[in-house]
Every structure is written in C-alpha cells, then in structure tokens.
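K.L.:
after the sequence you'll find the predicted model.
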2 protein chains.
Amino acid sequence: MQYTLKQLRYLVAVAEYGSVSVAARSLFISQPALSAAIAQLENSLGLPLLIRHHARGISVTPAGRQFLARARGLLGHANELELLGRELGDSVRGELIVGCFMTLTPFFVPKLLKNLHQSHPELRVQLAEGALDQVQAALLAGETEIGLVYDIDLDHQLATEELTRVRPHVLVASNHRLATHSAVSLSALATDPMILLDLPHSRDYFRSLFLDAGAEPIIRHRTQSFELVRGLVGQGHGYSVLNLQPHSNRTYDGGRVRCIPIEDPTTDLAIAIARPRDLQLTHRAAAFSTVCRRFFADG
Amino acid sequence: MQYTLKQLRYLVAVAEYGSVSVAARSLFISQPALSAAIAQLENSLGLPLLIRHHARGISVTPAGRQFLARARGLLGHANELELLGRELGDSVRGELIVGCFMTLTPFFVPKLLKNLHQSHPELRVQLAEGALDQVQAALLAGETEIGLVYDIDLDHQLATEELTRVRPHVLVASNHRLATHSAVSLSALATDPMILLDLPHSRDYFRSLFLDAGAEPIIRHRTQSFELVRGLVGQGHGYSVLNLQPHSNRTYDGGRVRCIPIEDPTTDLAIAIARPRDLQLTHRAAAFSTVCRRFFADG
DNA sequence: ATTTTGTATTAATTTTTTTTATGCAATATA
DNA sequence: TATATTGCATAAAAAAAATTAATACAAAAT
C-alpha cells in the first residue's frame, strides 16, 4: 500500500513536537492512533523515520530528516491544490470558457465583456464561438461551462434561461419595391428570391416562419455568414429574414439595406444562457449569467 | 474533511477513460466505490468535476480540467516522494552522516572513505567529529546514523560492533631515560610527570590502566588534543599513555618521541561501530559498516 | 526503590471504504 | 414505439482501516 497525506501530516507534527503524545494532543487524536500511523508509514517506505526514546520522546533519523523536508514540500503542494479547488468553485476569478453562437457574438459580446470586467476584474473570459450545435456539443462535453445561444430546439440536457426575445424582420435593399413599406407579409414576398442564413437550427426556425404564414420561400443563396446575407441583399440579389439588426444600414461593401417589420404573427426568437442541466454553476459562470441578465434587462 | 491522494488517482483514471465503470475495471475496484470516491472529492472541494451523461460515460467540467492538471502534478510529486523514501531506505547513495571520535579520525577515516568511495561511488559521507560523548549524543538524537568510536562505557541504547583492538603503550621523548627499554611497567613511571589525553571517556580508561597496575600517575598537563600530548612529550614535559601510534615519531614541532610497550597486563581498547540499538540500519549505513569491518580485518 | 514519563501493544469500537444488488434515465436497437 | 442496453447513482451489507481506551513496558527522574 502507499502512504497517505494524513500520515505525512502526522509525521510532520510528531517531528515538530519531538513527541508522539504531545503531537497527538495537538492533533486531537489519541497517542496510539498516531503511533500506529507513523509505524505504518515507516513500513510502507521500509525506512525507519523515528528513534524512540523512553520517557523522553522521539528524535528523527537522518534519513527521516531528509524525507521530512520533502514531505513538507508535498504537503504544501497539496494545500495549494486544495485552495485551487475551492477557488475554482468559490471565487469569481481565473478563467471562464463561454460558448457563444457566432451570429450573436458581434452584437452583444463586446459590451457584455466590458460589463463583466467592471464587476469582476479578475475573471478572464475565453470565447468559444460556433454554430448552435457546436456550442451545444461543447457544453455537453464539458468544454465550455456556459453558453450564449438562441433557444431553438436545444438538447434536453441543457437548461436555458431566457434573456430577451428578438422579433424577426424582413431585410431588403433600400431600392427594393417594398423598401418604403412600414410592414410586409411574408406571402407578399412569395415570388422574390430569398437569401437564407443557413445555420443548423436557424434554418429550421426561418422555415417555420414561412410555414406559419402559409408561404414557401424561393431560396436563391444560402450562406452561414450574417454579413454576407446583408451584402447579397444590399446588392439586390433578394430579400432575407433575420432577427438581429446592426446599427448601420450600410453593408460592408457599401450597399444599403432596410429592415421591415413582418405583418404576420411571428414566433420571436429567445436569446438565452444555456448550461448543462444538472451541473451546479461555478461562481464564475454564475457571475457571467448575472451580468448577462442585467445587460439585457437594462436593454 | 480533506481530499486524499487516492481520490485524486481515481479522478485521473476516470478522466483518462472518460468513464467511471471502465476506470473502475482498470483500477480493479467496483464502479460504486469509484463513483462514491469522486462524489466525495467533489463535495470536499465544493466543486463539480464531472458531467454525468446517461449511457455515455462522463466528461470533465472546465473547472475540473484545470483542477485535474494540477492534481496530476501533485500525484507526480507524491510519487517522487515515495521514490525518495524507498531510496533512502534501500539504496546505497545519497548522504550518510557518520559520527566519529575525533582521536580516531585522522588515523582511519581518510583510507576508509577511499575504500567506501570505491565500493559505493554514489554515497556521500558527511563527518561529524567530536568527543565520545558528543558522538554518542548525536547518535541518540538521530543526528548521525552510525559512529566510529572507542567502545568505552557507551550508552545501553547504542549497539556496538567491534572492529579491532588497540593496545595501550607508553610514549616518551626519545631522550627519556626509559626510551631505549623494550618495555616498561607503569609503576616505573610513578615519579615522572604525566601528560593526560583528557577526553570524556578516555580519561577514565587511562586511569583504570594505572589502577589495575597499582600505580598513580602525577598529572602535569591535560589536553584534549592528541597531537599536543605528543608535542609535550616530545619536548620532555613528561610521558603519556596512548593507544594509537602515528607512522612518524616526529611531532608537529619537530620533537622526537618513542612508543614503548607496557609490561603490565592491560585492557586493550576496542575500536567499534556504534549505532542506535533498535534502529534498523539503512543500506547506506550498513554499507559503511561493512567497509569498516573489511578495512580492519585486512589490517 | 518508587514514581513518572512516553511509547508500544492489544482488544474493542467507530469510521471509512468497498462490494453486491438494484434503480434509473437516456441511448441504441428492433 | 416498444425493448434492450448502457452507464452512473443509490442502498444495504460486508470488509477494511482508523481510532480509542486500557494496559504493558522500559527508561528516566525523584
């Protein structure tokens, strides 16, 4: 059998007090318990550590002295690890890996991290961006501890907490025939070509919007890039349906687009925090979650 | 309660196999035992380490991953300590602290260390010279592991092993009236002044020699230095009785001395290895002891 | 010689660890 | 859609380990 940390702690105490019984008292255990533990340690190492004197305590053998020095080192190391463990659980500092759905990232993460840094300056966030299914897989695999996602069709093992809802809108070029309308119905676009933001769960959501409105889009282009959707729309390749809306109506390549509300009743999309259902959040993750809630509550 | 090394080892295995049950098999323990150990570790740290998946093993939480990395480090450290412990017991290398009676040292230690180095090149000896009672105290206090001593009146707690015996002789200046005698009786020196090598146990031994011969020395000088005894004798301050005899008859200051056998029946003095009685020798100390025996057996 | 001191030993007890058996929830399979 | 399988958790029982109380023992102090 191998030695235990407890045995080492006992040994250190005995060496410090120069006496088994005094050490036992200070450790709040009985003298025989301590005696036995030391004897066991000596046996497991095959190395005598103490010289027993009668009626005058013990002294440490030369080999024991060398061993003791290193044993103290190990105990120090063990204490550090314990502290780390507690800190990983208790404190709001160190590293937090956050999964984030790639479309959401540029809209919210910059300000979010700013807020987070104000509340918890010692917390370092590392982002893991990806499509919804990637964010989800990372959460389940324990690669990330918490994620910022659209709450569409997520795995049952993930718990979500809604932060806000975003309404879908139609995006057209500023010179589109409907650009000046204050609202459009999806069926009014039935003959126009559509640019689809084609990401795992998103695509199903967009499809469901049309189904609910009794329409069927003609898909001209599919892309996974939000900005490419805007660019294509801006250059008149077709319209699109999106939920988020950048501050500027200019696309990267200078095109102009316009957002138009949808007339049909639509299902809004929930932006949410996701996390493994039955895993207690660390304080770090909880802090992130709180900051997110505050951020969206304040608009 | 604090965590244990065993729990850490278990955790590492589980993380490595990605499964509690597979790890349990590889550790030759039952799955519930492992399950419980991990749960206990998590509780003691207040930190969830694993995400349990149904029917598909476990994964490690992000915090768990950080903890795990350090835990591996600690286990490595613990193994090193175990190795050190075994080596301190088993191997003939590293450091050995040898107590040595100061009078004996210059006569034997240089060659002894040479022999020792030949047999055990990795063994480093550190000498702790002193009077007999100091050597003895160091042994009992565990400061030295083994000692080279005269076997006079040693503590009962020390075990000795005789290496050789040395006969006492009379030392006189080369121009002393008895210098040419082939042997002298101690009573023949009754009127001469004596130079006493005055060291704790030695002094009693010398006195006993005279008592046994029915004589009483007139002590003119006392000193703790062997060479000063010789010097004083060489300059005609008196005679002395000693057991060891350097190769040269010249003293440090150029005086000449002569050794004369003692006619009376004398008690020879035993040179011996001493060690704490009920302390098993380390291999290092045993090696030293063996080399000593061989050295004195070969003359 | 007697008491005191401090460790070792023994047997009994308590605590902890481990096992066997079973439950439960999700996944894989038919 | 039901059924079997997988893999972790839980419960009760058993085994092992740690601890204690009582005592023996040897040396030191008185």
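P.N.:
Arrived safely.

K.L.:
so does stretch A:24-33 get close to DNA strand D?
P.N.:
Yes - using CB under 7 Å from any atom of the strand, stretch A:24-33 reaches DNA strand D at A:Phe28, A:Ile29, A:Ser30, A:Gln31, A:Pro32, A:Ala33. (Each C-beta comes from the backbone N, C-alpha and C, glycine too.)

K.L.:
DNA strand D contacts on chain A?
P.N.:
Residues of chain A lying close to DNA strand D by CB under 7 Å from any atom of the strand are A:1, A:4, A:6, A:28-33, A:36-37, A:40, A:53-56.

K.L.:
compare the residues you listed and tell me which is most surrounded.
P.N.:
The most crowded member of those, judged by other CB atoms under 10 Å in any protein chain shown, is A:Ala37 (23 neighbours).

K.L.:
double-check that it belongs to a helix.
P.N.:
Yes - membership of A:Ala37 in a helix is supported by DSSP: H, G, I helix; E, B strand; the rest coil.

K.L.:
any idea how far apart the tips of stretch A:144-162 sit?
P.N.:
19 Å (CA to CA, to the nearest Å).

K.L.:
so how far is it from its chain's centroid?
P.N.:
11 Å (CA atoms, centre = their mean, to the nearest Å).

K.L.:
which of the residues of chain A next to DNA strand D fall in helices?
P.N.:
Here DSSP state H is the test, and the residues of chain A next to DNA strand D give A:Lys6, A:Gln31, A:Pro32, A:Ala33, A:Ala36, A:Ala37, A:Gln40 as lying in helices.

K.L.:
can you narrow those residues to ones near DNA strand C?
P.N.:
Checking these against DNA strand C (CB under 7 Å from any atom of the strand), the matches are A:Gln31, A:Pro32, A:Ala36.

K.L.:
adding distance to chain B and pLDDT, write the residues you listed out as JSON lines.
P.N.:
JSON lines is the format used below for these (distance: CB to the nearest CB, whole Å; pLDDT from 0 to 100):
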{"residue": "A:Gln31", "distance to chain B": "19", "pLDDT": "93"}
{"residue": "A:Pro32", "distance to chain B": "19", "pLDDT": "93"}
{"residue": "A:Ala36", "distance to chain B": "18", "pLDDT": "92"}
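
K.L.:
redo those as CSV? Include distance to A:Ala270.
P.N.:
Below are those laid out as CSV (distance: CB to CB, whole Å):
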residue, distance to A:Ala270
A:Gln31, 65
A:Pro32, 64
A:Ala36, 62
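
K.L.:
which parts of chain A are strands?
P.N.:
A:50-52, A:58-60, A:94-101, A:123-130, A:146-150, A:158-166, A:169-173, A:193-197, A:218-223, A:239-242, A:257-261, A:269-276 (DSSP state E).

K.L.:
please identify the most buried of those strands.
P.N.:
strand A:146-150 (a mean of 25; mean count of other CB atoms under 10 Å in any protein chain shown).

K.L.:
the helix ranked longest in chain A: how far from the chain's middle?
P.N.:
Identified as the longest helix of chain A according to DSSP H is helix A:62-90. Put simply, helix A:62-90 sits 30 Å off its chain's centre (CA atoms, centre = their mean).

K.L.:
now do it against strand A:94-101, angle only.
P.N.:
40 degrees (axes from the mean of the first three to the mean of the last three CA atoms, to 10 degrees).

K.L.:
what mean pLDDT does helix A:62-90 get?
P.N.:
The pLDDT scores in helix A:62-90 average 90.

K.L.:
same check on stretch A:252-265?
P.N.:
Stretch A:252-265 comes out at a mean pLDDT of 95.

K.L.:
what sits up against that stretch?
P.N.:
A:167-176, A:178-179, A:181-187, A:209, A:212-213, A:227, A:230-231, A:233-235, A:241-242, A:245, A:249-251 (CB atoms under 8 Å, 6 or more residues apart in numbering or on different chains).

K.L.:
swap the cut-off to 6 Å and go again
P.N.:
A:169-172, A:174, A:179, A:181, A:183-186, A:213, A:227, A:230-231, A:233-235, A:245, A:249 (CB atoms under 6 Å, 6 or more residues apart in numbering or on different chains).

K.L.:
go on, stretch A:107-116?
P.N.:
Counting by CB under 6 Å, 6+ apart, A:Leu244, A:Val291, A:Phe295 sit against stretch A:107-116.

K.L.:
then stretch A:74-90?
P.N.:
Looking at stretch A:74-90 with CB under 6 Å, 6+ apart, the contacting residues turn out to be A:5, A:8, A:282-283, B:45-47, B:63, B:67, B:70, B:74, B:77, B:81.

K.L.:
same thing with stretch A:197-205?
P.N.:
A:Ala131, A:Leu132, A:Asp133, A:Ile152, A:Asp153, A:Arg222, A:Gln224, A:Val229.

K.L.:
pLDDT (mean, whole number) over stretch A:216-224?
P.N.:
94.

K.L.:
could the C-alpha coordinates of it be exported in PDB?
P.N.:
Extracted C-alpha coordinates of stretch A:216-224, given in PDB (Å, rounded to 0.1, in the frame of the first residue of the first chain):
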ATOM      1  CA  GLU A 216     -42.900  29.000 -49.300                       C
ATOM      2  CA  PRO A 217     -39.700  30.900 -50.000                       C
ATOM      3  CA  ILE A 218     -37.700  30.600 -53.200                       C
ATOM      4  CA  ILE A 219     -34.200  30.200 -51.900                       C
ATOM      5  CA  ARG A 220     -31.600  31.800 -54.200                       C
ATOM      6  CA  HIS A 221     -28.500  31.800 -51.900                       C
ATOM      7  CA  ARG A 222     -27.500  30.100 -48.700                       C
ATOM      8  CA  THR A 223     -24.700  31.200 -46.600                       C
ATOM      9  CA  GLN A 224     -23.500  30.800 -43.000                       C
END
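
K.L.:
nice, that's everything, thank you.
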